[in-house]
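> Structure for the following, please:
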Amino acid sequence: PKEKAFLQAADVLFFSSGDKLARDIAYSRAMAQMYDQWPDDPEVDIFYALSLLGSVRPGDPGFHRQALAASLAMKVFEQNREHPGAAHFIIHAFDDPDHAILALPAARVYAKIAPAAPHALHMPSHIFVQLGMWQDVKESNIVAHQAAVDLIARMHLPEGREDFHTLSWLEYANLMLGQ
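Numbering: from 1, shown residues only. Next up is the predicted model:
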């Protein structure tokens, strides 16, 4: 039943009628129903948190969905500090100047969870930027860029996404450090 519920939720997200926001909200409702049915399943928690974050749009009032997503991800993070989704979604939920300090423990851990993943190595810098931790932003993006270059070479991928993104953040850190 749980696997069927995941598939039905994905079907709502990708194949239901309406624009992207309507589908995101419908998906979040489906994940809320799964959470009600399986409140102690960490993967349900994480996908519910993701669905909440996916329904937030720039300029939305309040912080309710981000706070709920953070509480779900933090619950999983407390149980398993190596869960990549938990650390990742804590960072996304608290990626603003008022809440970033709450994500610092997750930011410190996330890069160690997936040390070859460019995105995992870069994401902590979202929190470091909010907190003005410029040397940490710099170091995060140096290793993220190298991981991106290594991934591109290993997988014969086109250059330009992760490698450029990390370089732009690295440039910003260097500017803020006066370098």
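
> right, and H119 touches E162 too?
Yes: between H119 and E162 there is a contact at 6.4 Å, judged by Cβ atoms under 8 Å. C-beta here means a position set from N, CA and C on the backbone, and glycine is covered the same way.

> what about the longest helix in the chain?
helix 134-155 (DSSP state H).

> What angle do helix 134-155 and the following helix or strand past it make with each other?
The element immediately downstream of helix 134-155 (helix or strand, assigned by DSSP states H and E) is helix 162-176. Angle of helix 162-176 versus helix 134-155, following axes from the mean of the first three to the mean of the last three Cα atoms, to 10 degrees, is 160 degrees.

> gap between helix 162-176 and the chain center?
19 Å (Cα atoms, centre = their mean, to the nearest Å).

> what's it in contact with?
118-119, 121-122, 125, 129, 132, 134-135, 137-138, 140-142, 144-145, 148-149, 151-152 (Cβ atoms under 8 Å, 6 or more residues apart in numbering).

> Just the buried ones among these, please.
Buried subset of the contacts of helix 162-176 (neighbour count, 16 or more other Cβ atoms under 10 Å): 118-119, 121-122, 125, 129, 134, 137-138, 140-141, 144-145, 148, 151-152.

> residues of the helix or strand bottoming out on mean pLDDT in the chain that come out buried?
Ranking every helix and strand in the chain by mean pLDDT, DSSP states H and E puts helix 162-176 at the bottom, with a mean of 92. By neighbour count on 16+ other Cβ under 10 Å, the buried set for helix 162-176 is 162-163, 165-166, 169-170, 172-173.

> Output it in PDB, but only the C-alpha positions, please.
Extracted in PDB, the C-alpha atoms of helix 162-176 (Å, rounded to 0.1, in the frame of the first residue of the first chain):
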ATOM      1  CA  GLU A 162      27.200  22.500 -11.600                       C
ATOM      2  CA  ASP A 163      30.700  23.700 -12.500                       C
ATOM      3  CA  PHE A 164      29.600  27.200 -13.500                       C
ATOM      4  CA  HIS A 165      27.200  27.500 -10.500                       C
ATOM      5  CA  THR A 166      29.900  26.700  -8.000                       C
ATOM      6  CA  LEU A 167      32.300  29.100  -9.700                       C
ATOM      7  CA  SER A 168      29.800  32.000  -9.500                       C
ATOM      8  CA  TRP A 169      29.400  31.400  -5.800                       C
ATOM      9  CA  LEU A 170      33.200  31.100  -5.400                       C
ATOM     10  CA  GLU A 171      33.600  34.400  -7.100                       C
ATOM     11  CA  TYR A 172      31.100  36.000  -4.800                       C
ATOM     12  CA  ALA A 173      32.900  34.600  -1.700                       C
ATOM     13  CA  ASN A 174      36.200  35.900  -3.000                       C
ATOM     14  CA  LEU A 175      34.800  39.300  -3.600                       C
ATOM     15  CA  MET A 176      33.400  39.400  -0.100                       C
END
